[in-house]
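1. What follows is a predicted structure for the sequence shown.
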Amino acid sequence: DGAMAMAASRARAGGASRRRGKGWRHKGATRCVARSQGASQAQKAVVIVGGGPAGALCAIQFAKRGYRVDVYERRGVTKREDEQTRSYNIVLNARGLKALKAAGVVLDREQAVALKGNVRHKPGGSYGINTSFRDAVSINREVLASTILGYANDQCGVTTHFNHDLVEVDFDASVAVFERRNGGRRVCSERFDLLIGADGVNSSVRNEIAQHSKEFHVEQTSDKFKYKSVRLPNLCTDGTDENIGEEKWKSSFHTWPRGKCSILAPPNPDGTLSGVVILPDVGAWSWDAIHEPKQIQELFRELFPDAFGGEDLPNVTLSNIARQKASPGGTTTVVSSMVYNGNVVLVGDAGHSVWPSLGQGANLALETAHKLGEAFNDRDANLSQTLSSFNAIRKPQVDACGRLSQGGFGSSSNRTVPIWLIMRITVVFLAHKLMPAIIPPPALFGIGNPDYSYDQVERMVKRESFIATILLIALAVATLVGLASVAKTVLRR
């Protein structure tokens with residue numbers, strides 16, 4: 001919470017001025033902030049709804065380009081107890097890290113973990129180790145958001161307004177109206193030259209657009225899973241396994257795949273794991289069927305007995321899990337356009353949420369914020385035309401990421417890897433080992449590489465699918481020819 005408090009050091013509560021937003025029809029709506037008389041009248045105003053990682057990074061991008069930036073965040077500076085309980089880690093790959101570096105954001109090494117691999121816990125207590133996630137970074141989502149927002153406020157002159165809900169948007173007058181969530185009802189308005197919706201999968205900005213435009217369409221697809229958060233203890237090995245030492249164990253992404261059920265647990269700096277317990281929407285093992293601490297204890301005894309070192313869950317942990325409200329798993333959001341009215345743009349989950357199967361959600365969001373900033377490198381460019389060009393380039397990329405995630409690892413209806421995906425990747429991987437100069441490695445292995453856009457990765461996946469099909473057919477034909485030859489030899493004898 002210290003980082004978030006620092007992020008709020010320059011935040012203003014809003015509602016001081018009595019000058020109303022020009023053209024605004026909402027009675028009683030006041031200006032959120034009284035602007036300095038010395039401020040340049042030519043300085044364009046950017047209003048960002050949502051102070052998460054994507055919104056905060058957008059704030060930095062536009063503040064550094066000379067815009068006046070105000071961020072409106074519905075939550076308070078200090079998280080509520082239930083929000084702290086539901087906290088989780090995200091994994092940043094090269095895409096997300098590149099976006100942060102370009103904006104000048106430096107992560108505190110004491111609050112993040114550089115990953116060295118993946119530990120896959122199998123039934124019976126054994127485990128497998130691989131180098132997946134190597135060079136990625138595990139960091140708490142709230143720490144990441146507060147780090148970016150703190151830099152935006154303290155180093156870039158961004159103003160953040162906490163505890164504000166978006167009430168309505170007057171697209172004709174370019175005015176957004178907000179309501180304070182605490183301290184009594186207070187409605188205020190904010191004029192904008194550019195409005196950025198970065199307010200999550202249930203975006204209020206997106207809903208406003210949908211209500212005002214018949215041409216704007218939204219399609220959302222759920223993966224039909226729900227999750228709850230749990231802090232797992234430090235489960236270091238005794239060092240007898242020559243494949244992994246204590247440091248690598250503590251710096252690895254741990255997973256417990258159990259068919260439809262699973263635990264995904266990136267590490268924390270103190271060696272504990274920030275886990276999410278993912279269960280299907282329906283079934284005996286589902287969060288809709290599991291409510292009591294004793295039921296949760298039984299779930300872990302049955303499916304994840306080694307998650308707490310072979311011990312039962314402590315009572316406090318059981319209570320924390322039991323009182324959490326299960327959160328929806330993955331949702332793919334596809335909008336007809338990320339841009340509306342020539343001065344509104346949707347970023348992050350508001351415009352392109354994806355299933356978590358390939359771990360791209362936060363990385364996709366940060367990359368979009370970075371790309372949006374780059375689109376405005378020329379400050380004299382026409383706003384509407386710039387947004388239109390951005391949408392034409394970026395939307396095919398984010399849509400491709402959504403499709404890839406829906407077809408990726410563990411994304412099928414039973415939370416297991418599709419058999420064709422396993423066969424295709426195995427064949428392409430072996431072919432690459434035999435002919436590295438001709439056959440590239442499986443495209444999904446490089447999905448976190450920012451040198452390739454997501455639509456390029458999708459095209460490579462389709463191409464390697466064709467190659468894998470040809471190789472499998474050739475293998476099948478060769479096998480049949482071999483069997484026929486053996487049969488002829490036997491018959492001759």
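-> Thanks, I have the structure now. Numbering: from 1, shown residues only.
2. Remind me what the longest helix seen in the chain packs against, helices and strands.
-> Secondary structure of the chain read by DSSP state H shows that its longest helix is helix 454-492. In terms of contacts (3 or more C-beta pairs under 8 Å, 6 or more residues apart in numbering; DSSP states H and E), helix 454-492 is packed against helix 383-406, helix 419-434. (Glycine included, C-beta is placed from N, CA and C.)
3. In that helix, which residues are buried?
-> Neighbour-count burial for helix 454-492 flags 454-455, 457-458, 460-461, 464, 467-468, 471 (criterion: 16 or more other C-beta atoms under 10 Å).
4. Now these in TSV, please, with extra columns for distance to residue 155.
-> Output for the buried residues of helix 454-492, formatted as TSV (distance: C-beta to C-beta, whole Å):
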residue	distance to residue 155
454	30
455	34
457	34
458	37
460	38
461	40
464	43
467	48
468	49
471	53
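5. Mind telling me what element residue 296 is part of?
-> Under the criterion DSSP states H and E, the helix or strand holding residue 296 is helix 293-303.
6. Tell me the buried residues in that helix?
-> 293, 296-297, 299-300, 303.
7. could you point out where the stretch 151-300 of the chain is predicted with low confidence?
-> Low-confidence segments of the stretch 151-300 of the chain (pLDDT under 70): 183-184, 237-244.
8. can you pull out the strands in it?
-> 159-161, 164-170, 175-180, 187-191, 194-197, 218-222, 225-232, 252-258, 261-265, 273-280 (DSSP state E, counting those that start in this stretch).
9. and the angle from the last one to helix 293-303?
-> Orientation check (axes from the mean of the first three to the mean of the last three C-alpha atoms, to 10 degrees): strand 273-280 against helix 293-303 gives 90 degrees.
10. tell me what strand 273-280 is packed against?
-> Strand 273-280 packs on strand 225-232, strand 261-265, going by 3+ C-beta pairs under 8 Å, 6+ apart.
11. ok now it, how far from the chain's centre?
-> 15 Å (C-alpha atoms, centre = their mean, to the nearest Å).
12. Among the helices and strands packed on helix 454-492, show me which one is buried the most.
-> helix 383-406 (a mean of 18; mean count of other C-beta atoms under 10 Å).
13. and it, what does it pack onto?
-> Packing partners of helix 383-406 (3+ C-beta pairs under 8 Å, 6+ apart): strand 331-335, strand 339-340, strand 344-346, helix 349-352, helix 361-375, helix 454-492.
14. give me that answer again for 7 Å
-> strand 331-335, strand 339-340, helix 361-375, helix 454-492 (3 or more C-beta pairs under 7 Å, 6 or more residues apart in numbering; DSSP states H and E).
15. Sheet partners, orientation included, of the second one?
-> It stands for strand 339-340. Using DSSP bridges, the strands paired with strand 339-340 are strand 344-346 (antiparallel).
16. hmm, who's touching the partner strand?
-> 195-197, 203, 205-206, 209, 335, 338-339, 372, 387 (C-beta atoms under 7 Å, 6 or more residues apart in numbering).
17. Among those, which one lies nearest to residue 58?
-> Here the nearest of the contacts of strand 344-346 to residue 58, counting by C-beta to C-beta, is residue 196; it sits at 5.3 Å.
18. Relative to residue 200, how far out is the closest residue in space to the closest one that isn't next to it in sequence?
-> Of all residues not flanking residue 196 in the chain, residue 48 sits nearest, at 4.5 Å (C-beta to C-beta, 6 or more residues apart in numbering). Relative to residue 200, residue 48 is positioned 13 Å away (C-beta to C-beta, to the nearest Å).
19. if we can go back for a sec, any idea which of the helices and strands packed on helix 383-406 gets closest to residue 73?
-> helix 361-375 (15.4 Å).
20. so what's the residue nearest to residue 205 when sequence neighbours are not counted bridging to?
-> Distance criterion C-beta to C-beta, 6+ apart; nearest residue to residue 205, sequence neighbours excluded, is residue 197 at 2.9 Å. Taking DSSP bridges, one obtains residue 49, residue 346 as the residues bridged to residue 197.
21. Tell me how many other residues surround residue 197.
-> By other C-beta atoms under 10 Å, 31 other residues sit near residue 197.
22. Would you mind confirming that it makes contact with residue 203?
-> Yes. Shown here, residue 197 and residue 203 form a contact pair, counting by C-beta atoms under 7 Å, at 5.3 Å.
23. Check the contact lists of these two and give me the overlap.
-> In contact with both residue 197 and residue 203: 346, 350, using C-beta under 7 Å, 6+ apart.
24. hmm, back to that, reformat the helices and strands packed on strand 273-280 as CSV; add mean neighbour count.
-> Shown next, in CSV, are the helices and strands packed on strand 273-280 (neighbours: other C-beta atoms under 10 Å):
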stretch, mean neighbour count
strand 225-232, 21
strand 261-265, 23
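25. and those as TSV, adding distance to residue 288?
-> Conversion of the helices and strands packed on strand 273-280 to TSV gives the following (distance: least, C-beta to C-beta, whole Å):
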stretch	distance to residue 288
strand 225-232	8
strand 261-265	14
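26. Determine which of these approaches residue 98 most closely.
-> strand 261-265 (23.6 Å).
27. That closest one: how far from the chain's middle?
-> Using C-alpha atoms, centre = their mean, the offset of strand 261-265 from its chain centre is 17 Å.
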